[in-house]
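> Could you work out the structure for the sequence below:
(chains A and B)
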Amino acid sequence: MSQPMLTVKQAGPLALIQDAGRFGVGHLGVTQGGAADWIAFRWANWLLGNPLESAALEIVMGGNLTLVANSDVRLALTGADLAATLDGQPLTPNDSFMMQAGQTLVFRQPRKGLRAYLAFPGGLDAPTVLGSQACTAREHIGGLHEDGKPLKTGDQLTWKGSSATPRQLPQGTLLPLPDSEETVLDMVLGSQAAHFAGRSLFDAFNQPWTVDQRADRMGIRLTGKALNSRLGGIVSEGIPLGAVQIPPDGQPIILMNDRQTIGGYPRLGALTPMACARLAQCLPGTKVRLQPISATQAQAAYRAQLLKWQ
Amino acid sequence: MKLRLETAAMDALTVRLFDAIDESNMAWIMAADEALRRAFDHALIDLIPSYTTLLVHYDCQKLTFAQASTLARSALRNLTPADAQQGQLHEIPVWYDERVGPELPTVAQRAGLSVEALIERHCSHDYCVFALGFAPGYGFMGLVDEAIATPRLKTPRQRVAAGSVGIADRQTAIYPLLSPGGWNILGRTAVPLFEHAKRGEPLLRPGDKVRFKAISQSEFEAAGGDTTPLEERS
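Alright, predicted model coming up:
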């Protein structure tokens, strides 16, 4: 009998193998990578009883990504609603499900949110590079073929575990996905914030921003009333996750998982990791509002989130 | 050297030691790198040194914001510059030629030098690796002779070949991978800068020194260099 696997019958626009990310290698110029909505990603693994940082699929948009199973397997699906169906039947979001040999799993268009996470028993089997299975196209690192490329038609996915220990999601554990309401994004002010001129600091937090089309795993642009920094460029320095960078046009760029490790635009501060996960689910055109929060408050909220998985 | 701690994120601090780029910074930056690595130990997630700063990303399950600030401050209290011998010196052979280095004539012309004199200038200095960033193994080096400093291209290229050696202002660098880029390209090296499949390690590290050495086309080819002209790739 052949190895249990899922075959990619049709590749969507962007399905990437991701884990928690690649850490401890920023000084080598290697980006962090990892699941952009790390909360949904962890829940996907949690639903199968996996270690929470096991490699899973991050499916962006959907776009008719079609997977076929050659044996029975329990999978879990969280994150965006990409109108997923199993042999034509809609799947319940945020739950695990049995996929039987010969069945077809299809992802179509986002109805709410942008990124779905599909977890496999024991985590996906893919090469580990620099301590992580995260896939980054720009760096040609990770992925099934170690070239950082997204899934291609004909790829075969295998996993590490032989069975899953399925669990049910506790009631009320998930934050709603961003929709037409304004999504609030917590951010910690950085010390360069003092260099923002005139009304800029006020405007940063007192206007709705729109998520731009120019958004990917590296950075997400927001558009709105321009912010002006008295600093022009700065000497390039290390960039944390969620850094709110203000280029000369005054429109913020939020730096995400695949950001370059160092950069030279002035920064207002950084979104919290939880806000980054929220932003990763915002479709272009979504209205967001930045909300200042202290580093101490942000850490408390982060720890409270981690406790949910214990 | 002055020390300032700045909030970079919920779980990251920027340690600022200098305001401007200078080769003499590096001994201090590398000393701070070592001191911070030691002090943060298992609570350290990532430490990214750059020209004037270090970004400390710590595990906020292990340290509060206040604890991290205190730890950084005490780690750097009695900082003394690291021994300048610490970094490795790499000699990097480069085939300087217009086919693989399309800006060779324009950079020379701008500096009022012959192409040969430009190459000599580029090879006459041991460059300091200030930081790795932009791409895995991409070392930002400097400072190039003021006379040959050249601003970035107005429109970046979509594709710059792996091994391309370029100048931007007073910085110089080698592209480890095929990538977009706006630097003035002078030539190409066959030396691999980043081989994740083999070692997962970059050739250059912050604090290292690099000396370029001009070689002929046949030497470049013998070393396994790809002579495909840059413009054919874009």
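
> So, low pLDDT: which residues of chain B?
Applying pLDDT under 70 to chain B flags the ranges B:83-86, B:196-200, B:232-234.

> Show me the helices in it, by range?
B:25-40, B:65-75, B:104-111, B:115-123, B:217-222, B:230-233 (DSSP state H).

> burial of residue B:116, as a residue count?
Other residues within reach of residue B:116 by the criterion other C-beta atoms under 10 Å in any protein chain shown amount to 11. To be clear about C-beta, it is placed using only N, CA and C from the backbone, and glycine gets the same treatment.

> so how far is chain A from it?
32 Å (C-beta to the nearest C-beta, to the nearest Å).

> hey, which of the helices of chain B is tucked in deepest?
Burial of the helices of chain B is given as mean neighbour count (mean count of other C-beta atoms under 10 Å in any protein chain shown); helix B:25-40 ranks first at a mean of 20.

> which residues touch that one?
Where contact means C-beta atoms under 8 Å, 6 or more residues apart in numbering or on different chains, the residues beyond helix B:25-40 that reach it are A:27, B:1, B:15, B:17-18, B:44, B:47, B:49-52, B:54, B:56, B:58, B:63, B:68, B:71-72, B:74-76, B:79-84, B:86-87, B:128, B:130, B:206-207.

> Recalculate using a threshold of 6 Å.
B:1, B:17-18, B:47, B:49, B:54, B:56, B:58, B:71, B:75-76, B:79, B:81-82, B:84, B:128, B:207 (C-beta atoms under 6 Å, 6 or more residues apart in numbering or on different chains).

> Please, a PyMOL command that selects the buried ones among the residues you listed?
In PyMOL, the members of these classed as buried (16 or more other C-beta atoms under 10 Å in any protein chain shown) are selected with the following command:
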select buried, chain B and resi 17+18+47+49+54+56+58+71+75+76+79+82+128+207
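
> Take the contacts of helix B:25-40 and keep only those in strands.
B:47, B:49, B:54, B:56, B:58, B:128 (DSSP state E).

> So what sits opposite the third one in the bridge?
Under DSSP bridges, the beta-bridge partners of residue B:54 are residue B:15, residue B:49.

> still on that earlier bit, need the helices of chain B in JSON lines with distance to residue A:304, can you?
Shown next, in JSON lines, are those (distance: least, C-beta to C-beta, whole Å):
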{"stretch": "helix B:25-40", "distance to residue A:304": "24"}
{"stretch": "helix B:65-75", "distance to residue A:304": "16"}
{"stretch": "helix B:104-111", "distance to residue A:304": "56"}
{"stretch": "helix B:115-123", "distance to residue A:304": "55"}
{"stretch": "helix B:217-222", "distance to residue A:304": "58"}
{"stretch": "helix B:230-233", "distance to residue A:304": "51"}
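
> which two in the ones in strands among the contacts of helix B:25-40 are spaced the farthest apart?
B:58 and B:128 (27.4 Å; C-beta to C-beta).

> got the domain boundaries for chain A?
Each domain of chain A is listed here as a residue range: A:5-158, A:183-307, per the TED database.

> repeat for chain B
Residue ranges of the domains in chain B are recorded as B:4-76, B:89-223, according to the TED database.

> got any ranges where chain A has weak pLDDT?
Looking at chain A by pLDDT under 70, you get A:1.

> same thing but 50
Counting by pLDDT under 50, chain A has no low-confidence residues at all.

> Closest to the mean position in it, which residue would that be?
The C-alpha lying nearest the average C-alpha coordinate of chain A belongs to residue A:36 (C-alpha atoms, centre = their mean; 1.5 Å).

> List the residues that contact that one.
Counting by C-beta under 6 Å, 6+ apart, residue A:36 touches A:115, A:217, A:256-257, A:280.

> how close does the closest residue to it other than its chain neighbours sit to residue B:52?
Leaving aside its chain neighbours, residue A:36 sits nearest to residue A:280 (3.6 Å; criterion: C-beta to C-beta, 6 or more residues apart in numbering or on different chains). When C-beta to C-beta, to the nearest Å is the yardstick, residue A:280 and residue B:52 sit 31 Å from each other.

> picking up where we left off before, would you mind checking the contacts of residue A:36 for buried ones?
In these, the ones that pass as buried (16+ other C-beta under 10 Å) are A:115, A:217, A:256-257, A:280.

> With secondary structure and distance to residue B:97 added, can I get those in CSV?
Formatted as CSV, the buried ones among the contacts of residue A:36 follow (DSSP: H, G, I helix; E, B strand; the rest coil; distance: C-beta to C-beta, whole Å):
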residue, secondary structure, distance to residue B:97
A:115, strand, 45
A:217, coil, 37
A:256, coil, 39
A:257, coil, 39
A:280, coil, 45
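
> Which of those residues sits closest to residue A:85?
Ranking those by separation from residue A:85, with C-beta to C-beta as the measure, puts residue A:115 on top at 18.0 Å.

> beta partners for the closest one?
For residue A:115, the beta-bridge partners under DSSP bridges are residue A:60.

> Distance check, it against chain B.
22 Å.

> which outside residues touch stretch A:232-245?
By C-beta under 6 Å, 6+ apart, the list of residues contacting stretch A:232-245 from outside reads A:252-255, A:259, A:262-271, A:276, B:8-9, B:12, B:21, B:48, B:50-53, B:55.

> oh sorry, the question was meant for stretch B:55-62
Counting by C-beta under 6 Å, 6+ apart, stretch B:55-62 makes contact with A:238, A:299, B:8, B:11-14, B:36, B:40, B:43-48, B:68, all of which sit outside it.

> Not counting sequence-adjacent ones, nearest residue to the residue in the stretch 151-300 of chain A that chain B sits nearest to?
Nearest residue of the stretch 151-300 of chain A to chain B (C-beta to the nearest C-beta) works out as residue A:238 at 2.6 Å. In this structure, residue A:238 finds its nearest non-sequential neighbour in residue B:55, 2.6 Å apart by C-beta to C-beta, 6+ apart.

> Next: residue A:22.
For residue A:22, the closest residue by C-beta to C-beta, 6+ apart turns out to be residue A:132, at 3.9 Å.

> where does chain A come near chain B, residue by residue?
Proximity of chain A to chain B, by C-beta under 6 Å from any C-beta of the partner chain, involves residues A:23-24, A:26-30, A:129-130, A:139, A:141, A:188, A:190-191, A:235-238, A:240, A:260-262, A:270, A:272, A:295-296, A:298-299.

> Off-centre distance for the longest strand along chain B?
If you go by DSSP E, chain B has its longest strand at strand B:89-96. The chain centroid and the centroid of strand B:89-96 are separated by 14 Å, computed with C-alpha atoms, centre = their mean, to the nearest Å.

> between that strand and helix B:104-111, how big is the angle?
Put simply, strand B:89-96 runs at 100 degrees to helix B:104-111, going by axes from the mean of the first three to the mean of the last three C-alpha atoms, to 10 degrees.

> Strand B:89-96: which residues count as buried?
In terms of neighbour count (16+ other C-beta under 10 Å), strand B:89-96 has its buried residues at B:90, B:92-96.

> who does it touch, helix- and strand-wise?
strand B:184-188, strand B:209-214 (3 or more C-beta pairs under 6 Å, 6 or more residues apart in numbering or on different chains; DSSP states H and E).

> Which neighbouring elements make contact with the first one?
When contacts are defined as 3+ C-beta pairs under 6 Å, 6+ apart, strand B:184-188 sits against strand B:89-96, strand B:164-168.

> Adding distance to residue B:137, write those out as a markdown table.
A markdown table is the format used below for the helices and strands packed on strand B:184-188 (distance: least, C-beta to C-beta, whole Å):
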| stretch | distance to residue B:137 |
| --- | --- |
| strand B:89-96 | 12 |
| strand B:164-168 | 13 |
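
> Residue A:159 is nearest to which of those strands?
Across those, closest to residue A:159 is strand B:164-168 (C-beta to C-beta), at 39.9 Å.

> who does that closest one touch, helix- and strand-wise?
When contacts are defined as 3+ C-beta pairs under 6 Å, 6+ apart, strand B:164-168 sits against strand B:184-188.

> 7 Å - rerun?
Helices and strands touching strand B:164-168, as assessed by 3 or more C-beta pairs under 7 Å, 6 or more residues apart in numbering or on different chains; DSSP states H and E, comprise strand B:171-174, strand B:184-188.
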